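Engineer: give the three-dimensional model of this entry:
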Amino acid sequence: MFGITDLWTYLLGTVLIILMPGPNSLFALTMASTRGRKAGFAAAAGIIVGDFILMLAATLGVASLMKANPIAFDVIRYLGATYLMYIGVRALLAKPQPDTPTNQPSENSTHKAFRSALGISLINVKAILFFMAFFPQFVNPNYPHVWHTFAALGLIVQLVSISYLTLLILLGSSLSRRLSAKIWLKTVLNKLVGTLFVSFGVRLALN
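Structural biologist: Reported below is the predicted structural model:
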């Protein structure tokens, strides 16, 4: 179908990859649990747009250019690591406020959640290399419209990702209602998330 070989193996691999914890899913869950469902879906939208851009870059062969220029790859990688650590430090230093009618998520906060999630997604330069290595394994070289195959593979990834992020956001928004009056729990959550993002940044810089 659409030149995809071994569709079920690809689908299983996609599900397992998306279920692996990472900064994208953690950020969406954090936005939903601390700022509500609207901010969570804004973050999810940023992730989806970012992943689409990375898949398009992989399809266009940007990964090959990055492999040919290790210095450029390292610069992007270190910038990405710095950005992740910056988000982590901000979470560590954040001072949660109780939810009140004047302290509800605004349009500006949802836009900020979208931009931050988009940034987190785009700095994952290794994802470009992954998509370029993963997709061709399931492309029939004899299929006359290879672009259709890549588009179908990308659509499957996005549908699985949207489904998973939706579950996380619904879980996070439910958690948000329970945390609304518990400042100490929000503080603990911020410290945990901040520590994880700093560790993501350090791991990206060292790998």
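
Engineer: phi first, then psi, for V139.
Structural biologist: V139 adopts backbone torsions of phi -110, psi 130, taken as degrees, to the nearest 10.

Engineer: same check on I4?
Structural biologist: Torsion angles, degrees, to the nearest 10, at I4: phi -90, psi 130.

Engineer: excluding its backbone neighbours, what's nearest it?
Structural biologist: Counting by C-beta to C-beta, 6 or more residues apart in numbering, the nearest residue to I4 once its immediate chain neighbours are dropped is F138, at 5.5 Å. Backbone N, C-alpha and C define where each C-beta goes, glycine included.

Engineer: report the contact partners of the one you found.
Structural biologist: Contact analysis of F138 by C-beta atoms under 8 Å, 6 or more residues apart in numbering lists 4-7, 9-10, 149, 153.

Engineer: how about 10 Å then?
Structural biologist: Contact partners of F138, counting by C-beta atoms under 10 Å, 6 or more residues apart in numbering, are 3-7, 9-11, 13-14, 149-150, 152-153, 156.

Engineer: hmm, which of those are the buried ones?
Structural biologist: 3-4, 10-11, 14, 149-150, 152-153, 156 (16 or more other C-beta atoms under 10 Å).

Engineer: S174 contacts A32, correct?
Structural biologist: Yes: counting by C-beta atoms under 10 Å, S174 touches A32, with 8.8 Å between them.

Engineer: who's more crowded, those two?
Structural biologist: A32 (28 against 13; other C-beta atoms under 10 Å).

Engineer: what ranges does this structure have for its helices?
Structural biologist: Listed in chain order, the helices of the chain (DSSP state H) span 7-19, 23-35, 37-60, 62-68, 70-93, 107-122, 125-134, 146-179, 183-206.
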